[in-house]
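Engineer: Return a 3D structure for these sequence lines:
(chains A and B)
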Amino acid sequence: MIVFAEIGYYEPWWIQILKALVIFAVVFNMVPLALLADRKVLGRFQHRYGPNRVGPFGALQAVADIGKLVFKEQFRPRTSVGWLFAIAPAISMLTATATIAIIPFSDTVDIFGTQVGLYGIDPDIGILYAFAFGGIAFYGLMLGGWASGSKFSFMGAMRSAAQLISYEVAQGLSLVGVIMMTGSLSLVDIVQAQSGPGNLWFFIPQFVGFIVFLVAGFAETNRAPFDLPEADAELVGGYNTEYGGGRFAAFFAAEYLNIVVVSGLIVTLFLGGWNIPFVDPPTWVDPIVVIVKMCAFIFLFIWVRATLPRLRYDQLMSLGWKVFLPLATLNALVTAILVVVT
Amino acid sequence: MSWSPGDDVIAVQRAPAPGAAASTYRAFGATLKGLRMTFSRLVEGPKTIQYPEEKTPVYPRFRGRHKLHRFEDTGLEKCVGCSLCAAACPADCIRVVAAENTPEVRISAGERYAAVYEINLSRCIFCGYCEVACPFDAITMGHDYEMSDFNRSDLIFTKEMLLAEPLERAPLRTAGE
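Structural biologist: Take a look at the predicted model:
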């Protein structure tokens, strides 16, 4: 049997299933919270309250939104390609969910005498796994737009796909510096390389890489100022124009799940994962630290959405190819030289 | 320039275009400035008046729903049924039917009184001309602005409704506001 990648399983199967369920439950529950936070915090940025009628302080707004969408009619255009139309949102959800697996919440910990790594999996290909699923995520949008059988959906899908591909290149290259400094692709190794005295969190030595990854992350998740695929003020919608009800909810949830996942990746790669500077807390604090840092980045996503105006399409493309790609390449080159010299 | 634009064209002096490094730096700085600006908005907190619970304060001269007045000492109505308000009304929403006061039944201070005084609030444009036209200050505009109803006929306010102590649900704006 050919081994494509060393996964490094050393846990009994039931622990793997258990922790997969726990991680999925925790991270997936951040989606409605992110959705609610998006609306409420965005409101605060604009001197208003945001939704505050459903439940105490509007806390049940996300539940109401999702409930409304799920109970709507599953409309399908006559020209659409049935099964592709149906699985496209599922692909989007799947790829967003799959990336959760590699976000480490802590190192291997001892729970009642069992060694458990507080992460879904720690594959040797590490971050490439995330990029692999990022690459498949584009099929969700593309098939969704194409299978709708509507030229507007198709155009929207083209826009999204072009944006995703452009920024994926810069995003991948911006990480080369981090990987070279660590000498490993594994996310757990990357976090461990940032822990301990004398090891800076990578956003300081890899500042350019951090900025490129962050901005590319905004573009990857279709968030403002790169929310061209759905540009609500200008277009009727992008690839998801023909979707309604539960399928639209799936696209929508995938988008917010992507925000959570990208926040998790940024925290892991550049902000030292579960580490806190100058303090060595007990192990049970580690996942909380990661989640708090992720929330901070979700807040940053909303903050940026409240601040920056949307880019024009040609500006988006030239920013991706003419600014971020050279910047990321340069960063990789300089890091390579510095790593060899020092 | 190969083609002369003519004398009446003003040549605009532009600053030299910034180089790549300078414009990147400038874009970065401008982004941070924008982020700081929006964050200060977040700190200021919401300015929303949550309407059904809290009401927008009105100015003292706000023209809300009409009020009819009585003399405070005698309790007689100020309105003498002269119909000047109805004449002044551009929307023609006031209907006054006057009747004579008798020594036995004395309703207003003057010779006559308004037997019927109706304002159709679904037609009223709240211009305040009735208030201006009234020689006895019998009708004034109040501060009440919550007048929606389920039925058009309920919006025809009779004399009793206009004379009644108004609800005054709207708070008055304070001097500092």
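Engineer: Spit out the contact partners of residue 66.
Structural biologist: Unless you meant another one, I'm taking chain A. Contact analysis of residue A:66 by CB atoms under 8 Å, 6 or more residues apart in numbering or on different chains lists A:32, A:249, A:253. In this view, the C-beta of every residue, glycine as well, is placed from N, C-alpha and C.
Engineer: Please refer instead to chain B.
Structural biologist: For residue B:66, the contact set (CB under 8 Å, 6+ apart) comprises B:119, B:124, B:130-131, B:139-142, B:157, B:162.
Engineer: Spatially, which two of those are the most separated?
Structural biologist: For the contacts of residue B:66, the farthest-apart pair by CB to CB is B:131 and B:157; their separation is 15.1 Å.
Engineer: okay, these two: which has more neighbours?
Structural biologist: Neighbour totals were compared for residue B:131 and residue B:157, and residue B:157 leads with 20 against 17 (other CB atoms under 10 Å in any protein chain shown).
Engineer: and the closest residue to the more buried one other than its chain neighbours, helix, strand or coil?
Structural biologist: Take residue B:157 and drop its neighbours on the chain: the residue closest to it by CB to CB, 6 or more residues apart in numbering or on different chains is residue B:119, 5.0 Å away. For residue B:119, the assignment made with DSSP: H, G, I helix; E, B strand; the rest coil gives strand.
Engineer: Go through stretch B:138-148 and flag the buried ones.
Structural biologist: Using 16 or more other CB atoms under 10 Å in any protein chain shown as the test for burial, stretch B:138-148 gives B:138-139, B:141-145.
Engineer: re the thing from before, kindly indicate the member of the contacts of residue A:66 with the most neighbours.
Structural biologist: Using other CB under 10 Å as the neighbour test, these are led by residue A:253, with 24 neighbours.
Engineer: what about the nearest residue to that residue once chain neighbours are set aside, distance to residue A:23?
Structural biologist: Excluding its sequence neighbours, the residue lying closest to residue A:253 (CB to CB, 6+ apart) is residue A:31, at 5.4 Å. In this view, residue A:31 and residue A:23 are 14 Å apart by CB to CB, to the nearest Å.
Engineer: more crowded one of those two?
Structural biologist: residue A:31 (21 against 18).
Engineer: Am I right that that one is in contact with residue A:257?
Structural biologist: Yes: taking CB atoms under 8 Å as the definition, residue A:31 is a contact partner of residue A:257 at 5.3 Å.
Engineer: So what touches the helix or strand hosting the residue nearest to residue A:253?
Structural biologist: Residue A:31 belongs to helix A:30-45 when assigned by DSSP states H and E. For helix A:30-45, contacts defined as CB under 8 Å, 6+ apart pick out A:49-52, A:58-59, A:61-63, A:65-66, A:252-253, A:256-257, A:259-260, A:291, A:294, A:298-299, A:301-303, A:305-307, B:38, B:41-42, B:45-46.
Engineer: Just the buried residues of those.
Structural biologist: The neighbour-count test (16+ other CB under 10 Å) marks A:49-52, A:58, A:61-62, A:65-66, A:252-253, A:256-257, A:259-260, A:291, A:294, A:298-299, A:301-303, A:305-307, B:38, B:41-42, B:46 as buried among those.
Engineer: residue boundaries of the helices in chain B?
Structural biologist: B:20-44, B:84-88, B:129-133, B:159-163 (DSSP state H).
Engineer: Could you do chain A as well?
Structural biologist: Counting by DSSP H, the helices of chain A are A:13-28, A:30-45, A:61-70, A:82-100, A:127-147, A:151-174, A:176-182, A:187-193, A:207-220, A:245-270, A:286-307, A:313-318, A:325-341.
Engineer: With distance to residue A:115 and mean pLDDT added, can I get those helices in JSON lines?
Structural biologist: Output for these, formatted as JSON lines (distance: least, CB to CB, whole Å; pLDDT from 0 to 100):
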{"stretch": "helix A:13-28", "distance to residue A:115": "9", "mean pLDDT": "86"}
{"stretch": "helix A:30-45", "distance to residue A:115": "27", "mean pLDDT": "91"}
{"stretch": "helix A:61-70", "distance to residue A:115": "36", "mean pLDDT": "89"}
{"stretch": "helix A:82-100", "distance to residue A:115": "21", "mean pLDDT": "89"}
{"stretch": "helix A:127-147", "distance to residue A:115": "22", "mean pLDDT": "88"}
{"stretch": "helix A:151-174", "distance to residue A:115": "32", "mean pLDDT": "88"}
{"stretch": "helix A:176-182", "distance to residue A:115": "23", "mean pLDDT": "90"}
{"stretch": "helix A:187-193", "distance to residue A:115": "13", "mean pLDDT": "88"}
{"stretch": "helix A:207-220", "distance to residue A:115": "32", "mean pLDDT": "91"}
{"stretch": "helix A:245-270", "distance to residue A:115": "21", "mean pLDDT": "90"}
{"stretch": "helix A:286-307", "distance to residue A:115": "15", "mean pLDDT": "92"}
{"stretch": "helix A:313-318", "distance to residue A:115": "46", "mean pLDDT": "86"}
{"stretch": "helix A:325-341", "distance to residue A:115": "32", "mean pLDDT": "92"}
